[in-house]
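**Q** Sequence below, structure please.
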Amino acid sequence: MVEIDKSNKLPLYYQLYEIITRDIKKGTFDEYDKLPSERELCERFDISRSTVRQAMNELEKDGYIYKEHGKGIFVSSKSFKQDLLNFYSFTDEMKKIGKHPSSKVLDFQKIKSDEKLARKLGIKINEDLYKFTRLRLADDEPIMLETSYLPESRFPDLKRKELEENPMYNIFREKYDVEFSKAEERFKPVNTRKVEAEILDVSRKVPGMMIERYTYENQTVIEYTVGIARGDKFEYRVMLEK
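**A** Down below sits the predicted model:
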C-alpha cells in the first residue's frame, strides 16, 4: 500500500478509500480476501478509527467490500461488466468471463394477459401466457431475479423442466426455431425490496437495477422480462461512436 499524505487537501478517509480500491483493482486483494482490521489500518496509516470506519462505510456502499459480524471485512466478488452493443444472453455472458451460470425456476404457471401485459406484448387481453420466475446465479452466487412472460401461442407445450435444464434462448432456437431480430432493454435504479433482498441474499441497502427486456422475432414481441439485478454486481457500458 502507498502512504496517506496528511498534507494533501483530500480527506484522510477518501485517501484510504482510494488506496484500498486501487489495490483491489490491481489484484493486491482478490475476491473474498480478508482486509486488515480497523486497528491494523489505524496503526499502518497513523489515522483514527473514525477515519477508517468512514472509509469502510464508503467502500461497502460502493460494493467493494462486505462485513461479516465477528469475522472481519472482506473483498466483494467482482462486478460483471456488460457491453450493451449486441444481442446477448445471460448464460453466454457469464461463460465469457469464466463464471458458471445456472438458474433456479422459482415459479412457473399459465396466466391470462391483463391490459398491461397485453400492451407490453402487443396481444389481446385474456390471451394465454406463461409466467415464470428464475433466480440467475454465477458460480452459485445469486445475482439476478427475473420474471418472464411468453405467449403460449408461440411456445406451445413449454415445460418447467425444460427451463430447469436448459438456457431459455437455447429452447427458443432448438425447439421453436425462433429467429431473433432484436431486443430492447430499459434500465432503472430501484430500492431493493425485502423479498428480493432475501432471495438475492443481500442487504436491502444494496441498490437494485430493474431491467425490462423486450425480445423480438421480426416485429413481434415474443418475450417480456422484468429483472432485478444486484446493483453491486453489474456494470453496464454503452459504446458511442461518431
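
**Q** I'd guessed residue 146 sits against residue 227; true?
**A** Yes. Assessed by C-beta atoms under 8 Å, residue 146 is found in contact with residue 227 at 4.1 Å. (Each C-beta comes from the backbone N, C-alpha and C, glycine too.)

**Q** Mind listing the shared neighbours of those two?
**A** Residues within reach of residue 146 and of residue 227 at once, by C-beta atoms under 8 Å, 6 or more residues apart in numbering, are residue 136.

**Q** Let me see the mean pLDDT of stretch 164-182.
**A** Stretch 164-182 carries an average pLDDT of 93.

**Q** ok, residues contacting it?
**A** By C-beta under 8 Å, 6+ apart, stretch 164-182 touches 87, 89-91, 101, 103-105, 148, 154-155, 158, 162-163, 215-219, 222.

**Q** Just the buried ones among those, please.
**A** The neighbour-count test (16 or more other C-beta atoms under 10 Å) marks 89-91, 101, 103, 148, 154-155, 158, 163, 215-217, 222 as buried among these.

**Q** What is the burial count for residue 93?
**A** Residues contacting residue 93 under the criterion other C-beta atoms under 10 Å number 16.

**Q** The host helix or strand of it packs against which elements?
**A** Assessed by DSSP states H and E, residue 93 sits inside helix 90-96. Applying 3 or more C-beta pairs under 8 Å, 6 or more residues apart in numbering; DSSP states H and E, one finds that helix 90-96 contacts strand 80-83, strand 101-112.

**Q** I'd like the average pLDDT over the helix or strand that the longest one is followed by.
**A** Right, strand 101-112. Heading C-terminal from strand 101-112, the first helix or strand you meet, by DSSP H and E, is helix 115-121. Averaging pLDDT along helix 115-121 gives 96.

**Q** what's in contact with helix 115-121?
**A** Looking at what lies outside helix 115-121 - C-beta under 8 Å, 6+ apart - the contacts are 113, 123, 124, 125, 127, 129, 149, 151, 214, 221, 224.

**Q** could you redo the last one with a cut-off of 6 Å?
**A** 124, 125, 149, 221, 224 (C-beta atoms under 6 Å, 6 or more residues apart in numbering).

**Q** now, among those, which is nearest to residue 201?
**A** residue 149 (25.4 Å; C-beta to C-beta).

**Q** How many neighbouring residues does the closest residue in space to the closest one that isn't next to it in sequence have?
**A** Distances taken as C-beta to C-beta, 6 or more residues apart in numbering place residue 224 nearest to residue 149, at 4.7 Å, with adjacent residues excluded. Other residues near residue 224 come to 20 when the count uses other C-beta under 10 Å.
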